[in-house]
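>>> with the input below, show me the fold.
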Amino acid sequence: MARPRVHDLDRLLDAAERLVVEVGAQGVTVRSLATAAGVPNGTIYHAFGSLGALLARVWLRAAGAFLDLQTELADHAADPAAAVVSAASAPAVFADRRPEAARLLITVKKEHLLGPQVPDDLAGDLLALDKRLIALLVRLAVRLWDRRDAQAVEVLTTCVVDLPTALFRRAFTAGEPISEASRIRLAAAVRAILLLPPPRKD
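Presented below is the predicted three-dimensional model:
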């Protein structure tokens with residue numbers, strides 16, 4: 001069997017992304033995915049080795065695209081506080097551009113897509129993503145407080161990860177757009193948190 005073309009792989013990943021959002025990771029089967037993508041069952045195994053590897057790649061693709069956007073928004077902000085607000089607002093911006101990928105990242109637990117036996121290459125990609133996120137948080141902490149310690153990064157994790165998830169989850173779960181009111185509340189909450197410098201460990 002010839003190796004699938006790149007656009008065929010993208011179509012497979014797009015179909016898998018939609019299915020995961022609609023029925024959950026556990027509801028996706030090789031047959032349902034092949035039907036949705038319009039490809040033979042064997043294409044999935046030939047291109048990715050297993051359904052689990054394909055679903056891991058779906059998550060990695062979405063997470064990588066989101067982190068690219070989040071980094072771009074933060075790096076182009078006018079001042080340090082605005083950079084944190086921009087990074088925190090990235091899920092809403094991502095949802096405007098790629099609604100299904102955004103819903104996947106917010107509403108589907110990573111553990112449901114990434115099985116216990118993730119191939120080495122995918123595990124390496126996961127680790128690289130984690131390192132990129134931490135590097136972004138450290139850059140923001142340095143811009144704000146000239147600090148790179150765990151306490152500073154923890155405060156920024158609250159702003160950039162925890163708050164957007166809490167404020168946007170309901171809309172994502174319902175498949176609704178993020179309201180302007182929610183975006184304004186998020187920005188206000190982030191700026192309020194930044195008024196208090198992170199504590200220093202004794």
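
>>> how many neighbours does Thr35 have?
13 (other CB atoms under 10 Å). Where you see a C-beta, it was placed from the backbone N, CA and C, and this is true even at glycine.

>>> distance of it from Val58?
For Thr35, the distance to Val58 equals 17 Å [CB to CB, to the nearest Å].

>>> ok, Ile184 next?
Ile184 is 32 Å from Val58, by CB to CB.

>>> tell me which of these two has more neighbours.
Val58 (26 against 10).

>>> the more buried one: which element?
helix 51-75 (DSSP states H and E).

>>> and the helix or strand following that helix, what's buried?
As assigned by DSSP H and E, the chain's next helix or strand after helix 51-75 is helix 80-97. Within helix 80-97, the residues scored as buried using 16 or more other CB atoms under 10 Å are 80-95.

>>> contacts for helix 80-97 next, please.
Residues from elsewhere that reach helix 80-97 (CB atoms under 8 Å, 6 or more residues apart in numbering): 65-66, 69-70, 73-77, 101-103, 105-106, 136, 140, 143-144, 156, 159-160, 163-165, 168, 172, 177-178, 182-183, 186-187, 190-191, 194.

>>> got the contact list for the residue nearest to Arg31 when sequence neighbours are not counted?
Excluding the flanking residues, the one nearest Arg31 by CB to CB, 6 or more residues apart in numbering is Asn41, at 6.5 Å. Each residue near Asn41 by CB under 8 Å, 6+ apart is listed here: 30-31, 34.
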